[in-house]
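> I'd like to go over a predicted model; first the sequence, then the structure.
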Amino acid sequence: MNTTNNPTGQLLMDRVLKCISDNDIQNYALYNTTTETEEKFFIKQECTFDRNKQTTKCEVTIYRDFEIDEKKYRGSSSFVADLSMSEKELDHKIKDACSSSLYVKNPYYPLPAGNRMETDSDGDKSSKHDMVTCADDHSSGNTAVSEDNCYTAGNLAEFVFQNDVTEDVFINSLEIFVTKQSVHIINSNGINVSYNTITYSGEFVVQAKLANDVELYHDFKYSSLDDDDIPSSLSKLVSDHLNAVKDRANAIPITKLQSDSEPFFVNRVILEGDSVYELFRYYLYRTDASMVYPGYSHYKIGDSCACSNAQPITITLNPKVPYSPEGIRLLNLPLISENTIRYLTGDARFSFYLGIPASGTYESYQMECGSTSIDEMEKEPYLKIVSFSDFQMDEFTGGFGGEYRLAYYFDGTKTIPVTNGSISGNILDVIENMIFSSEKQTSYYFDGPLAISYQKI
């Protein structure tokens with residue numbers, strides 16, 4: 001059963017499976033990971049600490065079926081096992097999860113099984129979804145990411161520091177993580193899949209000692225699938241933030257633009273960077289079965305997500321791993337095509353309740369850019385926000401907003417860096433007049449427009 005080529009992970013999984021068998025557990029799921037991480041920490045450009053570490057853990061979920069008033073339920077309880085646990089501790093954890101699962105009264109649903117995302121076309125709902133299946137023929141497969149030419153933490157540091165060349169605007173601190181992970185997923189219904197991933201992530205703080213002494217924080221993450229883009233993308237990201245912190249040092253509180261004689265009003269907003277990803281995640285939430293089944297979202301396949309005169313939204317789900325934590329094969333799915341919803345996604349439980357194939361849940365996606373350049377967006381007065389302290393999107397209401405660290409206000413004549421302000425809005429109100437930039441941004445979670453603009457309502 002060693003599909004991971006990972007002896008440490010296999011040892012833990014074998015111990016868990018033996019204990020499950022000894023306790024005669026009939027329904028279970030295991031999500032086993034072994035993670036190797038290379039870490040480097042810098043103060044300015046000096047590496048002050050580095051280490052390599054490895055962890056192995058297994059998330060164990062025990063399921064129990066029971067009936068109340070002739071209605072069938074499936075309860076579940078989870079815990080995390082590791083190699084430090086004794087056989088006695090592991091046995092206690094499994095017995096405890098088995099007992100605790102009876103307190104969870106979820107209507108019955110089957111675990112993922114088989115090797116394709118499909119359902120029987122005959123029969124009523126209670127019989128036609130006896131099995132929730134995962135996509136593609138990988139019921140016992142191993143999907144590996146090649147480690148050839150992968151980057152080290154030292155390589156990433158070189159990319160980061162490439163543009164850090166001045167004394168008054170510089171990188172204050174940097175943390176880098178190169179993470180190699182082996183994942184093995186098994187359940188009692190026949191799922192047995194594994195894969196390997198490599199991710200590059202970290203965070204840095206840029207500082208400017210100019211008119212004011214200020215700092216800006218940013219994090220980053222890339223997949224080994226983005227291999228060709230990492231050096232230039234990471235270097236540009238740092239360069240952009242070095243320029244931004246310079247402007248932040250000279251920015252004025254936006255309230256200082258207010259005066260009794262000249263009332264200040266922002267009619268048009270431009271959002272740039274990470275907030276674009278967060279904004280359009282609204283549609284990933286609203287098309288997820290866990291939102292649709294309880295009635296929080298009323299989206300159905302074939303519905304329009306925007307009015308006919310809005311700029312067309314086209315979103316493709318773009319997984320960076322081949323399987324969900326349940327072992328469901330993740331595919332590149334055209335979620336929305338020119339404002340029309342093509343798929344509802346979800347885990348095994350809520351997909352079964354809705355009567356749709358289980359496609360898994362997604363975080364990363366691609367979105368088609370527009371035809372308007374940022375230069376064109378900036379011809380009229382605007383407030384362009386490039387750095388938030390915390391941008392929020394409410395998946396229930398569509399409301400969004402947050403306080404910003406750095407923005408640019410253009411009054412039609414001059415551009416002024418501003419700070420200490422906030423915006424709020426609702427995507428449902430502004431989507432019909434929203435414009436997407438032709439320029440693109442690329443990260444682990446999002447490939448899509450670098451910026452969007454909209455008129456405030």
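Cool, got the structure.
> quick one: low-confidence parts of the stretch 251-400 of the chain?
The stretch 251-400 of the chain contains residues with pLDDT under 70 at 259-264.
> now do the strands in it.
Along the stretch 251-400 of the chain, counting by DSSP state E, counting those that start in this stretch, strands occupy 252-253, 268-272, 315-317, 333-337, 340-341, 365-367, 382-388, 392-393, 399-410.
> which secondary structure elements does the first one contact?
It stands for strand 252-253. Counting contacts by 3 or more CB pairs under 8 Å, 6 or more residues apart in numbering; DSSP states H and E, strand 252-253 packs against strand 415-419. To be clear about C-beta, it is placed using only N, CA and C from the backbone, and glycine gets the same treatment.
> same list, the strands of the stretch 251-400 of the chain, but as CSV with mean neighbour count and distance to residue 11 please.
Below are those laid out as CSV (neighbours: other CB atoms under 10 Å; distance: least, CB to CB, whole Å):
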stretch, mean neighbour count, distance to residue 11
strand 252-253, 12, 58
strand 268-272, 22, 48
strand 315-317, 21, 35
strand 333-337, 20, 36
strand 340-341, 18, 45
strand 365-367, 21, 37
strand 382-388, 22, 45
strand 392-393, 16, 42
strand 399-410, 20, 46
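> next, format the ones you listed as JSON lines and append distance to residue 61.
As requested, these are arranged in JSON lines below (distance: least, CB to CB, whole Å):
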{"stretch": "strand 252-253", "distance to residue 61": "50"}
{"stretch": "strand 268-272", "distance to residue 61": "39"}
{"stretch": "strand 315-317", "distance to residue 61": "24"}
{"stretch": "strand 333-337", "distance to residue 61": "25"}
{"stretch": "strand 340-341", "distance to residue 61": "31"}
{"stretch": "strand 365-367", "distance to residue 61": "27"}
{"stretch": "strand 382-388", "distance to residue 61": "36"}
{"stretch": "strand 392-393", "distance to residue 61": "29"}
{"stretch": "strand 399-410", "distance to residue 61": "34"}
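> among those, which is nearest residue 156?
For residue 156, the closest of the strands of the stretch 251-400 of the chain is strand 382-388, at 22.0 Å, according to CB to CB.
> direction included, what does that closest one pair against?
Taking DSSP bridges as the criterion, strand 382-388 pairs within the sheet with strand 268-272 (parallel), strand 399-410 (antiparallel).
> using CSV, write down the CA coordinates of that strand.
Presented in CSV, the C-alpha positions along strand 382-388 are these (Å, rounded to 0.1, in the frame of the first residue of the first chain):
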residue,chain,number,x,y,z
TYR,A,382,-9.9,58.0,-9.0
LEU,A,383,-8.8,56.6,-5.7
LYS,A,384,-6.5,53.6,-6.4
ILE,A,385,-5.8,51.4,-3.4
VAL,A,386,-2.7,49.2,-3.5
SER,A,387,-2.3,48.1,0.1
PHE,A,388,-4.9,47.2,2.7
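> ok so, going back, relative to residue 240, which of the strands of the stretch 251-400 of the chain is closest?
strand 382-388 (8.3 Å).
> one step back: out of the strands of the stretch 251-400 of the chain, the one nearest residue 354 is which?
Set against residue 354 and scored by CB to CB, the strands of the stretch 251-400 of the chain come closest in strand 340-341, at 13.6 Å.
> now the closest one: how far from the chain's centre is it?
In terms of CA atoms, centre = their mean, to the nearest Å, the centre of strand 340-341 is set 21 Å apart from its chain centre.
> neighbouring contacts of that strand?
Outside of strand 340-341, the residues within contact range by CB atoms under 8 Å, 6 or more residues apart in numbering are 287, 299-305, 335.
> just the buried residues from these, in ChimeraX please.
Here is the ChimeraX command that selects the buried residues among the contacts of strand 340-341 (16 or more other CB atoms under 10 Å):
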select :287,299,305,335
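> I'd like the contacts of strand 340-341 as a markdown table, with distance to residue 108 appended.
Listed next are those as a markdown table, based on distance: CB to CB, whole Å:
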| residue | distance to residue 108 |
| --- | --- |
| 287 | 24 |
| 299 | 25 |
| 300 | 24 |
| 301 | 25 |
| 302 | 29 |
| 303 | 29 |
| 304 | 34 |
| 305 | 32 |
| 335 | 28 |
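> closest to residue 161 among the contacts of strand 340-341?
residue 335 (38.1 Å).
> residue contacts, the spatially closest residue to residue 223 that is not a sequence neighbour?
The shortest distance from residue 223 to any non-neighbouring residue, by CB to CB, 6 or more residues apart in numbering, is to residue 320 (4.6 Å). Shown in contact with residue 320 (CB under 8 Å, 6+ apart): 197, 199, 223, 225, 364, 444.
> let's see that with 7 Å instead.
Applying CB atoms under 7 Å, 6 or more residues apart in numbering, we find residue 320 in contact with 223, 225, 364, 444.
> including distance to residue 81, could the strands paired with strand 382-388 go into JSON lines?
What follows is these, written out as JSON lines (distance: least, CB to CB, whole Å):
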{"stretch": "strand 268-272", "distance to residue 81": "43"}
{"stretch": "strand 399-410", "distance to residue 81": "39"}
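> so for residue 327, which of these sits nearest?
Among the strands paired with strand 382-388, the nearest to residue 327 by CB to CB is strand 399-410 (33.8 Å).
> which one, of the strands of the stretch 251-400 of the chain, ends up nearest to residue 158?
Judged by CB to CB, the one of those that comes nearest to residue 158 is strand 382-388, at 24.9 Å.
> the closest one versus strand 415-419: what angle between them?
Our comparison of strand 382-388 with strand 415-419, counting by axes from the mean of the first three to the mean of the last three CA atoms, to 10 degrees, yields an angle of 40 degrees.
> which other residues reach strand 382-388?
With CB under 7 Å, 6+ apart as the criterion, strand 382-388 contacts 216, 244, 266, 268-273, 275, 402-410, 423, 453.
> same question, stretch 450-457
Here stretch 450-457 has contacts from 266-272, 276, 374, 377, 382, 425, 429-430, 433-437, 439-441, using CB under 7 Å, 6+ apart.
> recalculate using a threshold of 8 Å.
266-273, 276, 279, 372, 374, 377, 382, 384, 425, 429-431, 433-437, 439-441.
> for it, buried residues please.
Applying 16+ other CB under 10 Å to stretch 450-457 flags 450-454 as buried.
> same check on stretch 58-68?
For stretch 58-68, a neighbour-count test (16+ other CB under 10 Å) marks 58, 60-64 as buried.
> do stretch 26-46 as well
27-42.
> closest one to residue 7 out of those, please.
Using CB to CB, the buried residues of stretch 26-46 come closest to residue 7 at residue 34, 9.2 Å.
> any idea how far that closest one lies from residue 150?
Noted for residue 34: a distance of 17 Å to residue 150, by CB to CB, to the nearest Å.
> with residue 391 instead?
If you measure residue 391 against residue 150 using CB to CB, the figure is 32 Å.
> got it, and residue 62?
Going from residue 62 to residue 150 by CB to CB gives 37 Å.
> repeat that for residue 196.
From residue 196 over to residue 150 the distance is 11 Å, taken as CB to CB.
> which one of those two has more residues nearby?
residue 196 (21 against 14; other CB atoms under 10 Å).
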